[in-house]
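1. Following is a predicted model, sequence given first.
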Amino acid sequence: MTNLTEVKLSERAQHLLKTLVQYYIREGQPVGSTTLLRESKLELSSATVRNVIADLERLGLVRSPHTSAGRIPTVEGYRLFIDNLLTVQPMDQQEVERIKIRLNPDADTKILVESASNMLSALTRMAGVVMLPDRKQSHIRHMEFLPLSDRRVLAIMVFDKGEVQNRILHTDRNYSQQELIHISNCLNGELVGKDLLRVRESLLNQMKEARESMDRIMLNAIEMAQQVFEQDEAPVHDFVLAGEANLMKYEDMADIARLRQLFEAFNEKRGILQLLDQTIHAPGVQIFVGSESGYEALDDCSVVTATYSDGDRVLGALGVIGPTRMAYDRVIPIVDVTAKLLGTILKERS
């Protein structure tokens with residue numbers, strides 16, 4: 001957090017900086033001293049305002065773009081504004097209800113996450129991003145196996161968040177429906193209610209016991225389960241992105257080379273996931289302005305994020321990606337409320 005005492009800003013300078021940032025966010029134009037004086041509604045001379053602007057520039061809080069004598073906020077200026085000068089009003093209940101209606105509690109987890117991402121994008125006119133819940137923290141509710149042709153078996157897993165996953169397993173022989181029912185019963189008795197990390201530990205222990213007792217049905221069940229969960233070793237985190245084309249409409253993000261770099265980052269995913277992973281370990285809304293993300297592709301962007309949880313566990317993070325010149329007072333409550341509503345829905349499924 002940028003501390004006002006560290007930069008020694010007077011109340012007058014704070015007010016002028018806040019006015020400058022708010023005007024620039026609203027109008028998108030560099031702010032000159034005449035405009036700033038008018039917008040601030042302070043009884044000051046133009047010379048005094050120019051002196052304050054010069055002080056703000058010396059402190060690295062504003063800068064002058066090449067094409068204008070006016071000033072715009074720097075990353076440090078935005079940070080000081082967000083941490084100390086921004087006023088965020090809670091969202092009124094009618095708006096909360098409108099968001100709630102757009103999140104269908106009966107939808108599959110992936111569809112629910114897609115709805116949240118689309119909604120974040122639609123409400124902010126920016127890009128909405130929602131991390132899918134961490135599967136390693138998901139608990140198995142039910143497993144079932146169905147016979148297919150050519151020594152194949154369809155494995156069906158139902159998780160506690162309503163997510164359903166299918167796997168096709170290749171086996172060393174054909175299995176009858178009755179055999180697969182026995183295998184399903186064995187695994188459901190042992191694995192239901194456990195998360196994926198505990199499932200793998202349990203399978204290793206049971207494999208040893210089954211071999212010692214020569215329990216053929218249990219051995220078959222464990223071998224099938226291991227094949228199912230081996231396919232789950234891929235990275236467990238992924239995200240759903242919506243509305244990235246919205247970013248092309250912002251004049252301050254119109255540089256084609258930077259846009260290409262940003263869209264490549266969206267497709268490559270790793271950097272965005274690393275940023276979202278950072279937010280999982282800190283509660284509440286977090287805001288990364290420009291280079292604060294540590295990811296070059298986002299240097300012209302701000303990212304507003306919040307974690308969502310089922311009450312006991314953080315399941316993922318969601319947020320909005322847009323220009324640094326975003327209406328933070330509007331975006332922050334939208335992100336915060338969406339995260340809380342999504343967490344509530346997933347908690348009710350547990």
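-> Cool, the structure landed. As the structure is a computational prediction, the values presented were derived from the model and not from experiment. Numbering: from 1, shown residues only.
2. Could you use CA atoms for every contact and neighbour count after this?
-> Will do.
3. residues in contact with the longest helix along the chain?
-> Longest helix in the chain, counting residues (DSSP state H): helix 328-349. Residues lying outside helix 328-349 but in contact with it, judged by CA atoms under 8 Å, 6 or more residues apart in numbering, are 82, 86-91, 96, 99-100, 103, 105, 116, 120, 123-124, 160-162, 284-285, 304-311, 317-320.
4. State the number of residues packed around residue 54.
-> 15 (other CA atoms under 10 Å).
5. A strand includes it, no?
-> No - assigned with DSSP: H, G, I helix; E, B strand; the rest coil, residue 54 falls outside any strand and is helix.
6. Give the ranges of residues in this protein that sit below the confidence cut-off.
-> Per-residue confidence for the chain (pLDDT under 70) gives these ranges: 1-7, 67-68, 134-138, 161-162, 194-219, 221, 229-237, 350.
7. Show me the domain layout of it.
-> 4-85, 93-134+237-349, 136-230 (automatic domain parsing).
8. Please identify the deepest-packed of these.
-> Most buried of these by mean neighbour count (mean count of other CA atoms under 10 Å) is domain 93-134+237-349; its value is a mean of 19.
9. which one is residue 311 nearest to, not counting chain neighbours?
-> Sequence neighbours aside, residue 347 is the residue nearest to residue 311 in space, at 6.7 Å (criterion: CA to CA, 6 or more residues apart in numbering).
10. any idea how far the one you found is from residue 339?
-> To residue 339, residue 347 is 12 Å away according to CA to CA, to the nearest Å.
11. Residue 167 too?
-> According to CA to CA, residue 167 and residue 339 sit 30 Å apart.
12. nearest spatial neighbour of residue 165, skipping sequence neighbours?
-> residue 157 (5.2 Å).
13. got a list of what that neighbour touches?
-> Residue 157 is in contact with 140-144, 164-166, counting by CA under 8 Å, 6+ apart.
14. Of those, which pair is most distant in space?
-> Pairwise distances across the contacts of residue 157 peak at 13.9 Å for 141 and 166 (criterion: CA to CA).
15. Just to be sure, residue 156 is in a helix?
-> No - the assignment for residue 156 by three-state DSSP gives strand, which leaves it out of any helix.
16. SS state for the closest residue to it other than its chain neighbours?
-> Spatial nearest neighbour of residue 156, excluding adjacent residues (CA to CA, 6+ apart): residue 166 at 4.7 Å. When classified by three-state DSSP, residue 166 comes out as strand.
17. just the strands in the stretch 201-350 of the chain please.
-> For the stretch 201-350 of the chain, the strands defined by DSSP state E, counting those that start in this stretch occupy 239-242, 285-289, 301-309, 314-323.
18. if we can go back for a sec, pull the contacting residues for the residue nearest to residue 156.
-> Counting by CA under 8 Å, 6+ apart, residue 166 makes contact with 154-157.
19. Next, residue 324: phi, psi?
-> Main-chain dihedrals, residue 324, degrees, to the nearest 10: phi -60, psi -30.
20. What are the boundaries of the helices in the stretch 151-300 of the chain?
-> For the stretch 151-300 of the chain, the helices defined by DSSP state H, counting those that start in this stretch cover 177-191, 196-213, 216-230, 256-268, 270-280.
21. if I pick residue 305, what's in contact with it?
-> Contacts for residue 305 (CA under 8 Å, 6+ apart) come out as 276, 279, 285-287, 317-320, 335-336.
22. coming back round to it: would CSV of the contacts of residue 157 with distance to residue 241 be doable?
-> Output for the contacts of residue 157, formatted as CSV (distance: CA to CA, whole Å):
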residue, distance to residue 241
140, 27
141, 28
142, 30
143, 30
144, 32
164, 21
165, 21
166, 23
